[in-house]
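Colleague: need a structure here:
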Amino acid sequence: MKSFIKTMKALSDPSRVRVLKLLERRELCVCEVQDLLGLSQSTVSRHLKQLEEAELACSRKEGSWLYYRPAETFASPYAAEMLRLLSGWHNDDADVQKMLGRLATLDRKQLCS
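Modeller: Take a look at the predicted model:
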């Protein structure tokens, strides 16, 4: 039950759902997520941490940057199933479409330097 509640709480915030929709497209650093969502770095970091704790996202460190992607291994069956379902949901949402359009033109080198 604890794992289920953690997964559902992580998905109860629209910004965290948007982050996961972005991560479906490609691995992103905090700077990119921050730019796409228009939120502060601390807020984005808090959202990403919560997604990691719920096993919905994972990260890897490269130099001084952390890059996030959807989780690939799961101890929680709820996280795996919700990520699978989420990939088919909200694809026509106007906010998601707008962010995905901006993602295509985002310049990581310029943004993160």
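
Colleague: Can you name the residues in contact with stretch 46-53?
Modeller: For stretch 46-53, contacts defined as Cβ atoms under 8 Å, 6 or more residues apart in numbering pick out 6, 9-10, 13, 15-16, 19-20, 30, 33, 39, 57-59, 66, 68, 71. In short, each C-beta sits where N, CA and C put it, glycine included.

Colleague: For D107, report the pLDDT, please.
Modeller: pLDDT, D107: 82.

Colleague: List the contacts of it.
Modeller: D107 touches nothing, counting by Cβ under 8 Å, 6+ apart.

Colleague: quick one, phi psi at it?
Modeller: phi -100, psi 100 (degrees, to the nearest 10).

Colleague: cool, and A75?
Modeller: Here A75 shows phi and psi, under degrees, to the nearest 10, equal to phi -90, psi -30.

Colleague: can you count the residues close to the closest residue to it other than its chain neighbours?
Modeller: Closest residue to A75 apart from its sequence neighbours, by Cβ to Cβ, 6 or more residues apart in numbering: E55 at 6.4 Å. The local packing of E55 (other Cβ atoms under 10 Å) involves 22 other residues.

Colleague: In helices, which of the contacts of stretch 46-53 fall?
Modeller: Those of the contacts of stretch 46-53 mapping onto helices are 6, 9-10, 15-16, 19-20, 30, 33, per DSSP state H.

Colleague: Name the member of these with the most neighbours.
Modeller: V19 (26 neighbours).

Colleague: list the contacts for it?
Modeller: Per Cβ under 8 Å, 6+ apart, neighbours of V19: 33, 37, 44, 47-48, 51, 57, 68.
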